[in-house]
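In: Pasting the sequence and the predicted model now:
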Amino acid sequence: MDDDSVTIPHRGRELLDVLARLGGSARNTQIAQIMDVSEETVRRLVKALARANKVERVHGGTFLSRAQDTPMFSGALEYNADEKTNIAKRVCGLLEDEMVLFITVGSTMTHVAEQLRELRGLTVVSNSLSVVASLADHNGTRAVLAGGEVIRSERGSFGRAAEELACQYSYDAVICGADALSLVGGVLASNPLEADLTRALQGNTHRMIVAADHTKFGAKAANVSCPFDKVTDLVTDIAPPDAFAPVLKQAGVQVHIASQYDVKSGPDETEPRKQKKNKETSESKAGKSGSRKRKTK
């Protein structure tokens, strides 16, 4: 007889349900957001569930013990977690409220979704279960799951149905990760279905933003997601290797280094949202004094 209802408190069962809906693993920050509790509460619940052998813990994340394919994704969440968080913050510095975005699957994209909760009124289309769960009904964001065949280890949906839905939108930005960055192929993915989806969206967006940490430079993967001449922005944690610099420059890729980013203020080129708000504030003040329509050179 399963006595979970006796040994596991209500909040613990709710946490297990959240993990199940996210495909078996998630960052603790994301769990706290969905459950609307503090991260300290999540940590306490996770410790109790770990003692009951219901979950296993990694740095900053949790995964279900019974899901046989979850350690792969959970390990990715843990690996370079601080670097991925910094990259995610830098990505969000490139975006504004009320944009229409597509976000692909991957551990870095989970970090990006956490940071996007600071923006308002977004329309986010994604094939990632984690991304949609994190952003749905938060700050006026409309989250749309590009449904298709769910691949549990990827925590996402793929195939023709996902592509057809995703391609119905016109995006301000498509944000994708990478399994590898190649001098020859550009942005590479191990999953051919993921590569297919990214390629299908290249004609539907003003900006193609690739977020990848330094370990992806020179790594190996079989499928081309996006050649560099289709990438507008590459966000990474440290400067790319010297061999990549001329290739990225020739392709017209703007490189953003997260380690050089001041999170409080940020460089000018990554603060469109802040500049927009400052401009609106100035216009509002000018309107009150009767000079709103006055133009200055």
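Out: The structure has been received and is ready for your questions.

In: tell me the contacts of the closest residue to residue 122 other than its chain neighbours?
Out: Closest residue to residue 122 apart from its sequence neighbours, by C-beta to C-beta, 6 or more residues apart in numbering: residue 141 at 4.4 Å. C-beta: built from backbone N, CA, C; applies to glycine. The contact partners of residue 141, taken as C-beta atoms under 8 Å, 6 or more residues apart in numbering, are 116, 117, 119, 120, 121, 122, 123, 124, 135.

In: Kindly recompute the last result at 10 Å.
Out: Applying C-beta atoms under 10 Å, 6 or more residues apart in numbering to residue 141 gives the contacts 97-98, 101, 116-117, 119-124, 134-135.

In: Now, these that are in strands?
Out: Filtering these for membership in strands, criterion DSSP state E, returns 101, 123, 124.

In: and of those, the nearest to residue 15?
Out: Checking the ones in strands among the contacts of residue 141 against residue 15 with C-beta to C-beta, the nearest one is residue 124 at 23.9 Å.

In: Run a quick neighbour tally on the closest one.
Out: Applying other C-beta atoms under 10 Å, we find 25 residues neighbouring residue 124.

In: show me where the stretch 1-150 of the chain has strands.
Out: 25-27, 55-58, 61-64, 100-103, 123-126, 142-145, 149-151 (DSSP state E, counting those that start in this stretch).

In: Name the nearest residue to residue 179, sequence neighbours excluded.
Out: According to C-beta to C-beta, 6+ apart, the nearest residue to residue 179 is residue 221 (4.1 Å).

In: got a list of what the residue nearest the centre of the chain touches?
Out: The chain has residue 109 as the residue nearest its centroid, 2.4 Å off, counting by C-alpha atoms, centre = their mean. By C-beta under 10 Å, 6+ apart, the contact set of residue 109 is 84, 88, 91, 103, 116, 126-128, 130-131, 134, 155-156, 175-177, 211.

In: One more: residue 136?
Out: Residue 136 neighbours (C-beta under 10 Å, 6+ apart): 34, 124, 142, 143, 144, 145.

In: go with 7 Å
Out: Residue 136 makes contacts with residue 143, as judged by C-beta atoms under 7 Å, 6 or more residues apart in numbering.

In: State the phi and psi torsions of it.
Out: phi -60, psi 130 (degrees, to the nearest 10).

In: circling back: the residue nearest to the centre of the chain and residue 123: what is the separation?
Out: Going from residue 109 to residue 123 by C-beta to C-beta, to the nearest Å gives 16 Å.

In: Same check on residue 185?
Out: Taking C-beta to C-beta, one finds residue 185 at 31 Å from residue 123.

In: who touches stretch 247-260?
Out: Here stretch 247-260 has contacts from 86-87, 90, 183, 228-229, 231-240, 270, using C-beta under 7 Å, 6+ apart.

In: at 8 Å what do you get?
Out: 83, 86-87, 89-90, 94, 183, 186, 227-229, 231-240, 267, 269-270.

In: so of those, which ones are in strands?
Out: Those of the contacts of stretch 247-260 lying in strands (DSSP E): 186, 233, 234, 235, 236.

In: quick one, what contacts residue 15?
Out: Contacts of residue 15 by C-beta under 8 Å, 6+ apart are 31, 35, 42, 45, 46, 49, 55, 62.

In: Look at it and report its pLDDT.
Out: For residue 15, the model assigns a pLDDT of 89.

In: Can you give me the distance of it to residue 162?
Out: Residue 15 is 28 Å from residue 162, by C-beta to C-beta.

In: Distance-wise, check the closest residue to residue 239 other than its chain neighbours relative to residue 86.
Out: Distances taken as C-beta to C-beta, 6+ apart place residue 257 nearest to residue 239, at 5.8 Å, with adjacent residues excluded. Taking C-beta to C-beta as the criterion, residue 257 is separated from residue 86 by 10 Å.
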